[in-house]
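**Student:** Okay, sequence plus prediction incoming.
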Amino acid sequence: MSEPMPNRPSVAAEGAKPFTARDPDLAAVRAAQRDPAEFAALYHRYLDPVYSYAFYQLGDHHDAEDATARTFMAALHAIGAFRNEGASFRAWLFRIARNTIANAHRTRARRRTEPIDAIPLEPSAPDADPAGLALRAEDARRIRAAVAALPEDRRQVVLLRFADGLTAREIGEVLDRSEGAVRVLLHRALKDLAGQLRA
């Protein structure tokens with residue numbers, strides 16, 4: 001099997017076992033394959049998780065919005081080729097997102113720009129405790145910096161698991177790794193994060 005093209009991932013990794021659990025998105029996928037207008041249901045279901053994943057990777061709202069739009073355009077274009085053979089729709093979509101974000105990083109490297117290192121804060125309530133807000137902002141900054149300092153594969157696993165809620169199997173499908181390898185990688189990533197945050 002040849003290597004998947006950017007934004008056009010293969011449906012199943014070579015040697016992957018058939019996907020045995022029922023894909024909760026299958027009915028919506030089938031509807032979108034019959035009528036592209038039905039893709040809107042999948043778009044609304046995954047817009048926030050894909051944007052969140054892109055933002056944590058790119059650190060810039062405009063770049064994240066662009067990557068999200070490109071991800072869904074590529075997914076809509078390729079939806080007819082999706083088969084529930086070894087990968088859930090969610091894993092397939094996040095693999096497209098991962099390739100799109102990798103392309104954005106390459107573009108950024110050519111432009112020599114750097115991502116913003118700040119996490120946007122929720123608007124505070126009028127009676128919010130300023131000291132508490134400052135502490136939460138500092139904690140968020142430290143966590144973001146610690147995640148950003150992880151090696152690429154560990155950072156990907158942490159974001160896919162905790163920011164986007166993918167299972168170990170789905171993360172394996174996105175990253176072309178076994179479920180066991182993902183669990184080991186996640187364990188090491190959390191150990192690294194704990195060490196950095198203690199320091």
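**Tutor:** Cool, got the structure. Numbering: from 1, shown residues only.
**Student:** Return the distance of residue 146 relative to residue 179.
**Tutor:** The spacing between residue 146 and residue 179, counted by Cβ to Cβ, to the nearest Å, is 25 Å. All C-beta atoms are positioned from the backbone trio N, CA, C, and that covers glycine.
**Student:** Of these two, which one has the most company?
**Tutor:** For residue 146 and residue 179, the more surrounded residue by other Cβ atoms under 10 Å is residue 146, and the numbers stand at 18 against 14.
**Student:** With adjacent residues omitted, what lies nearest to the more buried one?
**Tutor:** In this structure, residue 146 finds its nearest non-sequential neighbour in residue 196, 4.3 Å apart by Cβ to Cβ, 6 or more residues apart in numbering.
**Student:** Lowest average confidence across helices and strands of the protein, where is it?
**Tutor:** One helix or strand of the chain scores below all others by mean pLDDT, DSSP states H and E: helix 130-148, with a mean of 72.
**Student:** re the thing from before, check which helices and strands whichever strand or helix holds the residue nearest to residue 146 sits against.
**Tutor:** Using DSSP states H and E, residue 196 sits within helix 179-198. Contact analysis of helix 179-198 by 3 or more Cβ pairs under 8 Å, 6 or more residues apart in numbering; DSSP states H and E lists helix 130-148, helix 152-158, helix 168-175 as its packing neighbours.
**Student:** What residues of that helix count as buried?
**Tutor:** Within helix 179-198, the residues that count as buried by 16 or more other Cβ atoms under 10 Å are 181, 182, 183, 185, 186, 189, 190, 192, 193.
**Student:** Thanks a lot, catch you later.
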